[in-house]
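> below are the sequence and a predicted model; questions follow.
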Amino acid sequence: MISLKEKLAIVAIGGNALNKPKESPTAENIFKNLEFTSKCLVSFVRKNYKIVITHGNGPQVGNILVQQEVAKDIIPPFPLDVNGAMTQGYLGYMIAQSLKNTLSSEGIKKDVACVVTQVLVDKNDQAFHNPSKPIGPFYSKSEAESLTIEKGWNMIEDAGRGYRRVVPSPIPLDIIEIEAIKKLIKNETIIIAAGGGGIPVIKENNQIKGIEGVIDKDRASALLAIKLDADELIILTAVEKVYINYNKPNQQAISSMTVEEAKRYINEGHFSKGSMLPKIEACIEFVEHTGRSALITDLQTLEEALEGKTGTVITK
């Protein structure tokens, strides 16, 4: 994947880049984790990439909802789209600051900017009638049952890790700030955009209006990559490679797969809805639209993956 030609990559960083599992979600811990994340992301600059960084926000939105629930008798809670904007702002600030500091310490002069991004969805999307996107902390089964009764939350078991609240996750259709992002890329700026999948908005009478939901970060990353005509979509997660039969005696790491093979693995049930499935689906969407490749790997092995030595590559 190394080239002397400058390439544009959309880089989706996962939750571990911000907060480790079972780690207290403090600002100090997020900044600490972003020190390592930023050092890994500098690999792109060294290899002559332009990059747009996206990130998740499910746990952070969930934490804001918990805080607002506790304080609801003092300060009225905000709607979910506004809470998403809050997380885009503060996580974008933290990523931008950490990355800028890392670049400066290595003598690299690059501007870094966060674009609080609105993403267009269809107000008639069936997702609004079928909540499916996990947000917030994990709960035990008994806690989940109590929250369903007390708050009317929709709760699901999430990839064997516990129970989480689920909210509507509409399909992203367009990026409202796409032209501004293009201008920043042209000016050699490293961008953080579509954080948490972007803020879901609809259009009514040619006016933009927020709607409650959380867009899947990987789907939004694929859309952003398509709209920007990116050379690569790179999804960074908690595993070095994609596995079939994951966590079973016959688990198998996959170094490369075609779109056709990826769809077959999906139909065979190899990928969990709460973890790998949306990443595979996002890669498929990008590859089918562009004919280019997508990469899934983890931060620790990113540099080797960019050299084709590890990771899972999805091709047409």
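Now that the structure is in, tell me what you want to look at. Residues are numbered from 1 along each chain as shown.
> contacts only, for V61.
L80, N83, G84, T87, I135, G136, G196, V214 (C-beta atoms under 8 Å, 6 or more residues apart in numbering). All C-beta atoms are positioned from the backbone trio N, CA, C, and that covers glycine.
> so which one among those has the lowest pLDDT?
Lowest in pLDDT among those is G136, which has 73.
> Provide the secondary structure category for that one.
strand (DSSP: H, G, I helix; E, B strand; the rest coil).
> give me the nearest residue to it, chain neighbours excluded.
G62 (2.0 Å; C-beta to C-beta, 6 or more residues apart in numbering).
> same check, this time on P134
Closest to P134 by C-beta to C-beta, 6+ apart is R164, at 4.0 Å.
> what segments of the stretch 1-150 of the chain are helices?
Counting by DSSP state H, counting those that start in this stretch, the stretch 1-150 of the chain has helices at residues 27-46, 58-70, 80-105, 141-151.
> can I get those helices in CSV with distance to A262?
Putting those into CSV (distance: least, C-beta to C-beta, whole Å) gives the following:
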stretch, distance to A262
helix 27-46, 24
helix 58-70, 23
helix 80-105, 29
helix 141-151, 31
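> and these: which comes nearest R292?
R292 sits nearest to helix 27-46 of all these, at 16.2 Å, using C-beta to C-beta.
> what's near enough to touch the nearest residue to T102 once chain neighbours are set aside?
In this structure, T102 finds its nearest non-sequential neighbour in S38, 3.9 Å apart by C-beta to C-beta, 6+ apart. Neighbouring residues of S38 by C-beta under 8 Å, 6+ apart: I95, S98, L99, N101, T102, L103.
> give me the neighbour count for the second one.
What that stands for is S98. 22 (other C-beta atoms under 10 Å).
> isn't it up against C40?
No: here S98 lies out of contact with C40, judged by C-beta atoms under 8 Å, at a distance of 11.3 Å.
> point out where this protein drops to low pLDDT.
Scanning the chain for pLDDT under 70 picks out 1-5.
> and I234, how far from N245?
25 Å (C-beta to C-beta, to the nearest Å).
> neighbour count for those two, which is higher?
Taking neighbours as other C-beta under 10 Å, I234 and N245 compare with I234 leading, 26 against 12.
> and the helix or strand that contains that one, what does it pack onto?
Assigned by DSSP states H and E, I234 belongs to strand 232-237. The contact analysis (3 or more C-beta pairs under 8 Å, 6 or more residues apart in numbering; DSSP states H and E) places strand 232-237 against strand 7-13, helix 217-227, helix 277-290, strand 294-298.
> if you set the cut-off to 10 Å instead, what comes out?
strand 7-13, helix 27-46, strand 49-55, helix 217-227, helix 277-290, strand 294-298, helix 302-306, strand 312-315 (3 or more C-beta pairs under 10 Å, 6 or more residues apart in numbering; DSSP states H and E).
> adjacent strands (with direction) for that strand?
strand 7-13 (parallel), strand 294-298 (parallel) (DSSP bridges).
> next SSE after that strand?
Next element after strand 232-237 (DSSP H and E): strand 242-244.
> what does that following strand rub up against?
Residues outside strand 242-244 that contact it (C-beta atoms under 10 Å, 6 or more residues apart in numbering): 235, 250-257, 261-262, 264-265, 268-271, 276, 279-280, 283, 296-297, 311-314.
> the helix or strand hosting R165 vs helix 58-70, what angle?
Here R165 sits within strand 163-167, counting by DSSP H and E. Strand 163-167 runs at 90 degrees relative to helix 58-70, counting by axes from the mean of the first three to the mean of the last three C-alpha atoms, to 10 degrees.
> and strand 163-167 with helix 141-151, angle?
With the same axes, to 10 degrees defining the directions, strand 163-167 sits at 40 degrees from helix 141-151.
> distance between the helix or strand that strand 163-167 is followed by and the chain's centre?
Where DSSP H and E defines the elements, the next helix or strand beyond strand 163-167 is strand 174-175. Relative to its parent chain, strand 174-175 has a centroid offset of 16 Å by C-alpha atoms, centre = their mean, to the nearest Å.
> not counting sequence-adjacent ones, nearest residue to K100?
K100 sits nearest to V112 (C-beta to C-beta, 6+ apart), 4.7 Å away.
> that neighbour: neighbour count?
20.
> how about the one 4 residues further on?
Residue neighbour count, defined by other C-beta under 10 Å, stands at 17 for V116.
> so that it lines up with my notes, have the first residue be 38 from now on.
I'll keep to 38 as the first residue from here, and by that count the last item is V153.
> check contacts around it.
121-123, 125-126, 129, 214, 229-232, 235-236.
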